[in-house]
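Peer 1: Structure of the sequence below:
(one chain, ligands or ions: 2)
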Amino acid sequence: MRGKIFIIGLGLIGGSLALSIKRSHSESMIIGFDVNKEQGRLAEMLGVADGISSTIEDGARDADLILIAAPVQETQKIIHILKECELKNTVIISDAGSTKKEIVNCAKVLKEKGITFIGGHPMAGSHKSGVTAAKALLFENAFYLLTPEEHVSTAEVERLKEWLTGTKAKFLTLSPEEHDYITGIVSHFPHMVAASLVHQAEKTSRSQKLIPRLAAGGFRDITRIASSSPAMWRDILLQNKEVLLKLMEDWQEEMENVKSILRQENSEGIFEYFLRAKLFRDELPQKEKGAIPAFYDLFVDVPDYPGVISEITGYLAKEEISITNIRILETREEIYGVLVISFQTEEDRERAINCLEQYTSYETTIGL
Ligand SMILES: NC(=O)C1=CN([C@@H]2O[C@H](COP(=O)(O)OP(=O)(O)OC[C@H]3O[C@@H](n4cnc5c(N)ncnc54)[C@H](O)[C@@H]3O)[C@@H](O)[C@H]2O)C=CC1
Ligand SMILES: O=C(O)C(=O)Cc1ccc(O)cc1
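Peer 2: Residues are numbered from 1 along each chain as shown. Ligands and ions are numbered 1, 2, ... in the order given. This is a model prediction of the structure:
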């Protein structure tokens, strides 16, 4: 489609939306705005946006689609600024915020002006921030949640989806309340738990110096999301306060139960506790990206010599297979080290197995 798209907030999500829209609507004009001028400059330099506007008012004028991809408390301020702007009467405004109830409620001021707002939330991302981490296919196969109010027409929702088709995401419509409850459970609360685990390790590390060195493997996996933007998560917590307070109470109750079975040395109860968790976790869809993106890990047994990583990444690059992460497992003391390479899709991992089979004799194993 032709048209002008205005993206406010050119970080990880705004940048990725810009790239994915450009993929499917190459004739569209993407203009960006960011309070941080450096992000705007970088976005232009990286070709993420066709141009940068110096104010929201300028960028919003004549826009056919406005996407707000700023932290959620800022999103509300931006909605109030947009309310005062001169806008096309056919414009669609949407956002990418991780919470929906307060934002959709705030956007009622746009409805009063006859402007369409459709709450949006692409359920994929990363612990990284900023436009340099943006990727056109960040949302591929992920759910993209939309929370249109009743007065919004199906045609307008379809027009928004058409603009966003290059995300290759799967759209789902739900109410803002449902949205905040579900994302509270699968995304917001886990972030709080991840941060709390890191705090616990940090406190004890003051007296136990081995902790940072031994905090590997599982600890790193479960706390990866604690490296996310503190400003973004502060805003999310403040906006989903009621749901999160209730989840914290449920969690405390759950921990009381675990404490009790442990005190009683209830071996069957403890086993059951882990078994039920494992069964539910193992049943979660593998091929779909959730709030926490699935990473497809490949374990490669490699001889421990300098240059082995660049050798392997070289073969993968030759076959144009993208990797999302690479690390060495240092827990083994044998001759061989284990290289863990993460891919964004199962197909990439499959291609990597074939590639390494072709170029090397290293053994590969799929991570579960
Ligand atoms: N990071 C993630 O994995 C995901 C984040 N989200 C949501 O997307 C939104 C953006 O998050 P990220 O892109 O990750 O953050 P980010 O930190 O990478 O980018 C946010 C950008 O917004 C800019 N900004 C802040 N206030 C602004 C304002 N008043 N006007 C214009 N620009 C402003 C910042 O300078 C920054 O460049 C947030 O609402 C977040 O909740 C949604 C899905 C995933
Ligand atoms: O880094 C991760 O795995 C995430 O959890 C990404 C994420 C962050 C915020 C969202 O609203 C949705 C997805």
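Peer 1: Would you enumerate the residues in contact with Gln183?
Peer 2: Careful, residue 183 is Thr and not Gln. Contacts for Thr183 (C-beta atoms under 8 Å, 6 or more residues apart in numbering) come out as 98-99, 121, 123, 145, 240, 291. (Glycine included, C-beta is placed from N, CA and C.)
Peer 1: Can you give me the domain assignment for the protein?
Peer 2: Following automatic domain parsing, one finds the domains of the chain at 4-174, 179-283, 296-366.
Peer 1: quick one, strands of the stretch 251-368 of the chain?
Peer 2: With DSSP state E, counting those that start in this stretch, the ranges of strands along the stretch 251-368 of the chain come out as 296-303, 325-329, 336-343, 364-366.
Peer 1: Tell me which of those sits nearest to ligand 1.
Peer 2: Closest of these to ligand 1 is strand 325-329, at 15.3 Å (criterion: C-beta to the nearest ligand atom).
Peer 1: hmm, that closest one touching ligand 2?
Peer 2: No. Strand 325-329 is not in contact with ligand 2 by C-beta under 6 Å from any ligand atom; minimum separation 12.0 Å.
Peer 1: That strand vs strand 336-343, what angle?
Peer 2: 160 degrees (axes from the mean of the first three to the mean of the last three C-alpha atoms, to 10 degrees).
Peer 1: pLDDT averaged over strand 325-329 - what is it?
Peer 2: For strand 325-329, the mean per-residue pLDDT is 79.
Peer 1: quick one: contacts of that strand?
Peer 2: 217, 295, 299, 309, 313, 337-342.
Peer 1: follow-up on the earlier one: rank the domains of the chain by mean pLDDT and give me the bottom one.
Peer 2: domain 296-366 (a mean of 83).
Peer 1: re the thing from before, of the contacts of strand 325-329, buried ones?
Peer 2: 295, 309, 337-342 (16 or more other C-beta atoms under 10 Å).
Peer 1: how about the contacts of strand 325-329 in TSV, adding distance to Leu138?
Peer 2: Converted to TSV, the contacts of strand 325-329 look like this (distance: C-beta to C-beta, whole Å):
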residue	distance to Leu138
Gly217	26
Phe295	13
Phe299	25
Ile309	25
Thr313	21
Gly337	31
Val338	28
Leu339	25
Val340	21
Ile341	19
Ser342	15
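Peer 1: so where do the helices sit in the stretch 51-200 of the chain?
Peer 2: Taking DSSP state H, counting those that start in this stretch as the criterion, the stretch 51-200 of the chain carries its helices at 56-60, 72-83, 101-106, 108-111, 154-163, 176-183, 189-205.
Peer 1: can I get those helices in CSV with distance to ligand 1?
Peer 2: Shown next, in CSV, are the helices of the stretch 51-200 of the chain (distance: least, C-beta to the nearest ligand atom, whole Å):
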stretch, distance to ligand 1
helix 56-60, 7
helix 72-83, 4
helix 101-106, 9
helix 108-111, 16
helix 154-163, 16
helix 176-183, 9
helix 189-205, 10
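Peer 1: Same list as before, those that is, but in CSV and with distance to Asn141 included.
Peer 2: CSV is the format used below for the helices of the stretch 51-200 of the chain (distance: least, C-beta to C-beta, whole Å):
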stretch, distance to Asn141
helix 56-60, 30
helix 72-83, 24
helix 101-106, 25
helix 108-111, 31
helix 154-163, 15
helix 176-183, 18
helix 189-205, 20
